[in-house]
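J.: structure of the sequence below:
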Amino acid sequence: MGNFGIWVLTICLIFQSGYGFYLPGSYPLKHVVGNYLSVKVNSLTSIDTEMPFSYYSLPFCKPVEGVKDSAENLGELLMGDRIENSPYRFKMHTNETEIFLCQTNKLSSDDFKLLTKRIDEMYQVNLILDNLPAIRYTRKEGFMLRWTGYPIGVKIKDGYYVFNHLKFKVLVHKYEETNVARVMGTGDAVEGVPSVGNKGSDVPGYMVVGFEVVPCSVVHNGDLVKNLKMYEKYPSPIKCEPTTVSMPIKEGEPIVFTYEVTFEESDIKWPSRWDAYLKMEGAKVHWFSILNSLMVITFLAGIVLVIFLRTVRRDLTRYEELDKEAQAMVNEELSGWKLVVGDVFRAPSNPALLCIMVGDGVQILGMAIVTILFAALGFMSPASRGTLITGMLFSYMILGIAAGYVAVRLWRTIGFGDHKGWVSVAWKAACFFPGIAFFILTILNFLLWGSRSTGAIPFSLFVILLLLWFCISVPLTLVGGYFGAKAPHIEYPVRTNQIPREIPAQKYPSWLLVLGAGTLPFGTLFIELFFIMSSIWMGRVYYVFGFLFIVLVLLVVVCAEVSLVLTYMHLCVEDWKWWWKSFFASGSVAIYIFLYSINYLIFDLKSLSGPVSATLYLGYSLFMVLTIMFATGTVGFLSSFWFVHYLFSSVKLD
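T.: A predicted model of the protein is given here:
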């Protein structure tokens, strides 16, 4: 009963998480009125190039104390985030207008070209206050659209205009529990709040629950700011009109930056402050995706049921009812799958490679299940940047034990219990998929390095990743291999003949059917795939992990059913080479995902410019589809192996 209660609670949480359930990620932070709030800057990003760059790579105002990097975790660095301090600062609950920030040096030819290039490439500035990204609202055709960050500038006809005046709105909520530890934030939120003594614990304070920005292009009088210092008041009123631009960029002329800030009390509570960012439209579309998947599953389940109940069970029942003499006569008249009884467990070609790929597939699938489940239950809060990637990386390394165990035990099963070569199999399982990933990412990293993008992995992080790989993942995989070598191998229910049976000529190539089988798993996930691709490449937020977990479960079921049906069909035409075909029957879904990625590049990412951006896109897409192929292929193979073992263990043929 206890287990049942846990499952009910889990399912409820998953369905709730489909609508964006998450844990707040930190304790509420109290800011006393008048306290300084520091704004941070993240990398400049664009959906046009998909290459992030440092904020200070452009001629923007720098803080008086100098540029300082914030502490970043592994996931943030891998995602290309570079969080730094900025000159923007506010006083809690204190409205300020016409604040002068700085006047840049006269734009050099290089600065002018770079600035106009970044505007052409639609780069966005990403600001962060109290761990909340700046959000921007625009109205289009009667709908309110949400964006994170704001564009550097805009091109109108032949002129380039920069957004040099920012209008900030900070939403605050009155602090409700003065006895809770004040400075208990995540990441850089801690740095933004000066510590207050116990004496001020009863002083009323506020929590930041929203951060909005409106960018404007305003012409400033250069003569008025010659003697102004940072944070002094600009001598004349500034009219911020978002719909008009008036500050053109010209080579040899400086740019003046200003800002204003207003504070507004809000009913938004601290745990709900991320709702504006995570609110994702189209819940009906997600449910449609799930219903579509259920229809495919039901269709395949019907076929599987027919195979088991009508064909297999009927044959076995008739066979068991006969006496020994009749059985001997039936043996001579066997047809279909019963004819390959002496070859069905014959070792496949390249058995070590199959074992390694299945082991790596178990590791990848386990990582996906653990990560998505934890994210669906709200443990990977969006307030903690990089947590998702970091969690994926560490769960993958720990599950090296499962990869080694499965690979070695399957190797020993194929070898009829022989221990020989298990260390080599475990070692290759530890290096095969990570080696492919490392090769692809290194090539892409060289492209990012050449472009001086913050998306490039620093050399120090490369060293850390290699140490994690060879000091944690590889040893754990070898440990799993050791347990796999000690575990009893799976006994085959029938003996294998010494001479392989000749496979009859087929009416159609069997691999054609195998490749076509991938369309069914693809049909279960292509709708959800659109949202994931939009999140990765279009800068949209994806946080419906509850839906994603349901789709993952349905995908596993479809892959198992497809592979099982295809294996049975091959056995019925006396094709006993089912091992690799069962792997690729479900693994071929990767081909359709890659074709979908190319389609997405052509029709949805029309603005993606330059060969470097296209190469990055295709490289990351290739990495993604290889990962999916390993995971889905493993599901198909293991389900087919169980089916074949069960089928022939029920037949007393010799």
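J.: C-alpha only now, for contacts and for neighbours.
T.: OK.
J.: and Gly359, what element?
T.: According to DSSP states H and E, Gly359 maps onto helix 351-376.
J.: buried residues in that helix, which are they?
T.: Within helix 351-376, the residues scored as buried using 16 or more other C-alpha atoms under 10 Å are 352-376.
J.: what packs against that helix?
T.: Packing partners of helix 351-376 (3 or more C-alpha pairs under 8 Å, 6 or more residues apart in numbering; DSSP states H and E): helix 2-17, helix 387-398, helix 400-414, helix 422-450, helix 545-572, helix 611-649.
J.: return the distance of that helix from the chain's centre.
T.: Chain-centre distance of helix 351-376: 15 Å, with C-alpha atoms, centre = their mean, to the nearest Å.
J.: next up, the contacts around Phe168.
T.: Residues counted as contacts of Phe168 (C-alpha atoms under 8 Å, 6 or more residues apart in numbering) are Phe211, Glu212, Val213, Val214, Tyr259, Glu260, Val261, Thr262.
J.: the longest strand in the chain is where?
T.: Ranked by residue count and defined by DSSP state E, the top strand of the chain is strand 205-216.
J.: okay, now the residue nearest to Gly153 when sequence neighbours are not counted: neighbour count?
T.: Distance criterion C-alpha to C-alpha, 6 or more residues apart in numbering; nearest residue to Gly153, sequence neighbours excluded, is Val162 at 4.1 Å. Here the count is done by other C-alpha atoms under 10 Å, and Val162 has 25 residues near it.
J.: before we move on, what about Phe641?
T.: With other C-alpha under 10 Å as criterion, Phe641 counts 19.
J.: okay, the closest residue to it other than its chain neighbours and Val406: tell me how far apart.
T.: In space, and not counting its chain neighbours, Phe641 is closest to Trp579: 7.9 Å by C-alpha to C-alpha, 6+ apart. Distance of Trp579 to Val406, computed by C-alpha to C-alpha, to the nearest Å: 16 Å.
J.: which one of the two is surrounded by more residues?
T.: Val406 (28 against 22).
J.: isn't that one up against Ala485?
T.: No: counting by C-alpha atoms under 8 Å, Val406 stays clear of Ala485, with 9.8 Å between them.
J.: walk me through the domains of this protein.
T.: Following the TED database, one finds the domains of the chain at 31-180+202-277, 281-314+519-653, 350-491.
J.: can you show me the strands along the stretch 151-300 of the chain?
T.: 153-156, 159-162, 165-174, 205-216, 256-265 (DSSP state E, counting those that start in this stretch).
J.: give me the helices and strands touching the second one, please.
T.: Using 3+ C-alpha pairs under 8 Å, 6+ apart as the contact criterion, the neighbours of strand 159-162 among helices and strands are strand 153-156.
J.: list the buried ones in the strand it packs on?
T.: Neighbour-count burial for strand 153-156 [16+ other C-alpha under 10 Å]: Gly153, Val154.
J.: quick one: average pLDDT of it?
T.: The average pLDDT for strand 153-156 rounds to 93.
J.: name the residues that touch that strand?
T.: Contacts of strand 153-156 (C-alpha under 8 Å, 6+ apart): Ile119, Asp120, Tyr160, Tyr161, Val162, Phe163.
J.: over to stretch 467-478?
T.: Under C-alpha under 8 Å, 6+ apart, the answer for stretch 467-478 is 397-405, 423, 426-427, 429-431.
J.: that one: end-to-end distance?
T.: 16 Å.
J.: and it, which residues are buried?
T.: Residues of stretch 467-478 classed as buried under the neighbour-count rule (16+ other C-alpha under 10 Å) are Trp469, Ser473, Val474, Pro475, Leu476, Thr477, Leu478.
J.: so Glu212 sits against Tyr150, correct?
T.: No: Glu212 is not in contact with Tyr150 according to C-alpha under 8 Å; the separation is 10.2 Å.
J.: tell me the secondary structure at the closest residue to Leu339 other than its chain neighbours.
T.: Nearest non-adjacent residue to Leu339, counting by C-alpha to C-alpha, 6+ apart: Glu574, 6.7 Å away. Three-state assignment for Glu574 (DSSP: H, G, I helix; E, B strand; the rest coil): coil.
J.: look up how far Pro351 lies from Glu574.
T.: Distance of Glu574 to Pro351, given as C-alpha to C-alpha: 21 Å.
J.: list the contacts of Met207.
T.: When contacts are counted by C-alpha under 8 Å, 6+ apart, Met207 touches Pro28, Leu29, Lys30, His31, Val172, His173, Lys174, Tyr175, Trp270.
J.: secondary structure class for the second one?
T.: It stands for Leu29. Secondary structure, three-state DSSP: Leu29 is coil.
J.: tell me the most buried of the helices and strands packed on helix 351-376?
T.: Mean neighbour count (mean count of other C-alpha atoms under 10 Å) peaks for helix 400-414 among the helices and strands packed on helix 351-376, with a mean of 28.
J.: check which helices and strands it sits against.
T.: On a contact count with 3+ C-alpha pairs under 8 Å, 6+ apart, helix 400-414 meets helix 351-376, helix 422-450, helix 474-486.
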